[in-house]
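> Predicted model, plus sequence, below.
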Amino acid sequence: QVQMAESGGGLVQAGGSLRLSCAASGGTVNPYAMGWFRQAPGAEREFVAAINWSGGYTPYADSVKGRFTISRDNAAKNTVYLQMNSLKPEDTAVYYCAAGYCSGYGCYKRNNYDFWGQGTQVTVSS
C-alpha cells in the first residue's frame, strides 16, 4: 500500500513563496501520475497541478498558472514538489498530494487518484 506524506506547509505573507514536498513510500508509484489538490474551509477539494510519470505533462489550474511549478525527482520519481511563488491570501488551504493512474484531462479529477496524503496547511496572510 502506497503512503503519501506532505511537508513544507506554513504561514507566509502575501507575495511570499513556499515549497511543498510529497514523498511516496511503501510501494511503487510506477507509472502513476502525481498531483496536488487543495481544500479551503467550506469549499470542495480542488485540483492545483499534476505531473505524469515522465514529467512531460504538467497541467495547472488557471488560478495558479504562472505562479506555481510542479516537479518530480528524476531518479526514483517517488517525490513530487510544488513551488509556490507570489502567494495570495486566496491560496490559503490544506494542500494534499495524490498518486494515481491518469492521463490528459483525467488528471484534473480527484477520483482518478488512488493514494492520498494527510495534507499540509498553507496560510497566506494579507
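Great, that's in hand. Residues are numbered from 1 along each chain as shown.
> Count the residues that sit near the spatially closest residue to Q39 that is not a sequence neighbour.
Residue nearest to Q39 in three dimensions, not counting chain neighbours: R45, with 4.2 Å by C-beta to C-beta, 6 or more residues apart in numbering. In short, each C-beta sits where N, CA and C put it, glycine included. The local packing of R45 (other C-beta atoms under 10 Å) involves 16 other residues.
> my guess is R45 meets F37, correct?
Yes - contact criterion C-beta atoms under 8 Å: R45 and F37 qualify, at 5.1 Å.
> Spell out which residues are contacts of both of the two.
Common contacts of R45 and F37, defined by C-beta atoms under 8 Å, 6 or more residues apart in numbering, comprise 96, 110.
> who's the residue nearest the centre of the chain bridged to?
With distances taken as C-alpha atoms, centre = their mean, W36 lies nearest the centre of the chain, 2.0 Å away. Beta bridges link W36 to A49, C97, judged by DSSP bridges.
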